[in-house]
Every structure is written in structure tokens, then in C-alpha cells.
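1. sequence first, then the predicted structure:
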Amino acid sequence: MNRMTSITADGATELAPRRPWWRLPLMLSVPLLMVAGGIWLWATSGRSVSTDNAQVGADIISISPEVSGRVVDVAVRENQQVKKGDLLFRIDPEPYRIALAQAEAAVGNARISVNELSSNYVSKSADIGAMASDVQLAQENYQRQKELLDKGFTTRASFDAARAALASAQAKRAVASADASAAQAMLGTGPGGLHPQIAAAIAARDKAALDLRRTEIRAPTDGVIVQVDKLQPGSTAIASITSATLVAGGNYWVDANFKETQLAKVRVGQRAEIEFDSMSGKDCPAHVASIGSGTGSQFSMLPAQNATGNWVKVTQRVPVRLKLDCTPDRPLVAGASANVTVHVAD
């Protein structure tokens, strides 16, 4: 390109400066970038929804003893990894060992009592045999006196005495039979063929043995034990009161609280990406496992009562649970924050 010439006021000519070659492309690039950005926003708009209101969830198990007593040993420390069945802490077993010994003695006493009842039944049964012989003898004597009375060879007094003796023998036999029935009823057996008294004593013994085993509190599953600092030897553990907490490992999820206006296209099974704040923004693939059936405020301690007072419409958030499709490089922390993106156009 030739340089442009110009004439000065004194009639001299000079060359005009050449324009830079990149000036025109630079001027054209700005509108081109704006057009490209608009096309990209139009193409990607509505294909995903995102939120930074998301937290890591995990199974949290409250560890509470089933018996009360003084803590004599704590076998774990704060944030220690434990396996299923590992000993966490131990309650003083001596009171429960004594209770088991008493229950064992009660089983023996119950067996002795049942043996006495059995002997009593045998004795009552023997009395029935003796009474039967007396009734037979009285019956024969009565029959003989009746025949003699009919022939006039005995007196009415002798006949009446024989009849009274027969009635007395029969009454004694009835009493012996009732006593034997009562003794047999006291020997009645319950489920399993055991006498109820023995069965009750065995049940009490088993309960005492179970309480003794429960003085050792063990981990119900693998995980990390927390909140055990307050549990010290000499402190008192109370049944059904939480003494420690176990965060179960291997089963993590993320609960993302999306605005209700973002859920129009969200479906179970859609792809998602999770960015954990504690992992320097590394993405983890996931998928939508479930969508909450109620807003977070609905399940709060004091849910909003929109039908009373002045009402201001507030966009609600709905929990969406996502299942991880990756194995994180480091253990996750329950309650940690995350950013979630769900691809709703898949």
C-alpha cells in the first residue's frame, strides 16, 4: 500500500503515517465476540441448574448404652477410625455379674420347688389309691349290712353305720382326687415343656447375662467415632442417653437445596456434578437419587403459617439428594459445603 501524500500550507508535500494493520481486525473482534457469547448463552441456557446451598450427608449413629453404670474404661479417642465390633467403652460389670449369680441361684431354687411339687403330686396320687381301697371296703360292708337287714339278721343302727362309713370314704376319696388334681395343675408346663416357675427364672437369668454383655459397648458398624471427650473413666453412663456419636463411613451423599423455581426440569436419575469446597474445587460425578416431598421450612421446628397474619411470598427451597458416582481422594466430612450442578437437558 502506498502512503498517502498531503500538501502543506507552504506548498510542500509530505507523506501521511501508515495505519496499523491490526486495527481493523481488532475493531471487528469485539462485535464478533459479543455475537459468539450471545449464541453460547442461548445454546446453553436452561440446560443445567446449580446451587451452592449443598451439604455432605452421612449416616450418624448415636451411641448410647443399654445399661447404666460407672465407666471404667474408654478404648477410643476423638476422631478415631473404628471397625464394626470394636470396643468403644466399658461400664463397671461387677453389679451385673452379681445379678447374674443371683439369677443362676434363682433357677436352682425354681427347680427345687418344682421337684417338691412333683413329689407332692405323687403323694396325692398315692392317697387316691388308699382312699379307693377304703371306699371298696366300705361298699362291701354296706352291701353286706343291707342284705342282713333285709333278712332281719342285723339292726338298723349297724346298717346306718355302714352307710355312713361308705359316704365318708367316698368323700375322702373325692378330697384326695381334688388335691391330686391341684398338685398336677401346679406342675403344668408352659412353652418348651418347662414349668412356668423354671421358665421365668431362666428368662431372668438370660436377662442378667444380657445386661452383663451390654456393659461392653461396641461399634455397630465401621466409621469414625466422635464426641467421646466427655466420656472419661469414673463418669456415669446412663441407659438410652447418648454418650458418643459414630459417623458411619462408606455411605455419603449430598443434599442440595434448590429453589423451587429451579425444579421444573429436575428428574431422578439425571447427571450431576459436585464440587466440594474442601477438595480445592475438584468435581465429582453424581446423579439425582431423590427429590424432597416437602420444603425445608415445612419440616422445621416452627413451620411457617402462611394462612395467618400478613403474608409475604418467599421462594422456598426443596432438598434434592444426590448419590456420588465417584470415590473421593480423601474422606468426606459430614456437613461440609459443596456446589452442585444438575444437567437437566440430558
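-> Received the coordinates, thanks. Everything numeric in this text was worked out from a predicted model, so none of it was measured.
2. from here on, contacts and neighbour counts on C-alpha atoms
-> Will do.
3. need the per-residue pLDDT for Ala9.
-> What the model reports as pLDDT for Ala9 is 53.
4. and if you look at Arg317?
-> Value for Arg317, per-residue pLDDT: 91.
5. would you list the phi and psi of the nearest residue to it once chain neighbours are set aside?
-> Nearest non-adjacent residue to Arg317, counting by CA to CA, 6 or more residues apart in numbering: Lys259, 4.4 Å away. The phi/psi pair for Lys259 (degrees, to the nearest 10) reads phi -70, psi 150.
6. list the contacts of Lys259.
-> Contacts for Lys259 (CA atoms under 8 Å, 6 or more residues apart in numbering) come out as Thr315, Gln316, Arg317, Val318.
7. can you report how many residues neighbour Phe276?
-> Using other CA atoms under 10 Å, Phe276 is surrounded by 23 other residues.
8. report the buried residues of stretch 82-95.
-> Using 16 or more other CA atoms under 10 Å as the test for burial, stretch 82-95 gives Val82, Lys83, Asp86, Leu87, Leu88, Phe89, Arg90, Ile91, Asp92, Pro93.
9. can I get these in CSV including secondary structure?
-> Shown next, in CSV, are the buried residues of stretch 82-95 (DSSP: H, G, I helix; E, B strand; the rest coil):
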residue, secondary structure
Val82, strand
Lys83, coil
Asp86, coil
Leu87, strand
Leu88, strand
Phe89, strand
Arg90, strand
Ile91, strand
Asp92, coil
Pro93, coil
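10. what about the stretch 151-300 of the chain, any weak spots by pLDDT?
-> 179-180, 182-193, 281 (pLDDT under 70).
11. one more pass at 50, please.
-> Within the stretch 151-300 of the chain, not a single segment meets pLDDT under 50.
12. what's the closest non-adjacent residue to the most centrally placed residue in the chain?
-> When CA atoms, centre = their mean is applied to the chain, the residue found nearest the centroid is Ile61 (8.5 Å). Excluding the flanking residues, the one nearest Ile61 by CA to CA, 6+ apart is Leu246, at 5.0 Å.
13. now the one you found. Its backbone dihedrals?
-> Here is the backbone geometry of Leu246 (degrees, to the nearest 10): phi -120, psi 120.
14. touching, Asp255 and Val320? I think so.
-> Yes: between Asp255 and Val320 there is a contact under CA atoms under 8 Å: 5.6 Å.
15. neighbour-wise, which of those two wins?
-> Shown here are Asp255 and Val320; by other CA under 10 Å, Asp255 has more neighbours (25 against 21).
16. for the contacts of Lys259, give me a markdown table that also has distance to Leu100 and neighbour count.
-> Below are these laid out as a markdown table (distance: CA to CA, whole Å; neighbours: other CA atoms under 10 Å):
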| residue | distance to Leu100 | neighbour count |
| --- | --- | --- |
| Thr315 | 61 | 9 |
| Gln316 | 57 | 15 |
| Arg317 | 55 | 20 |
| Val318 | 53 | 23 |
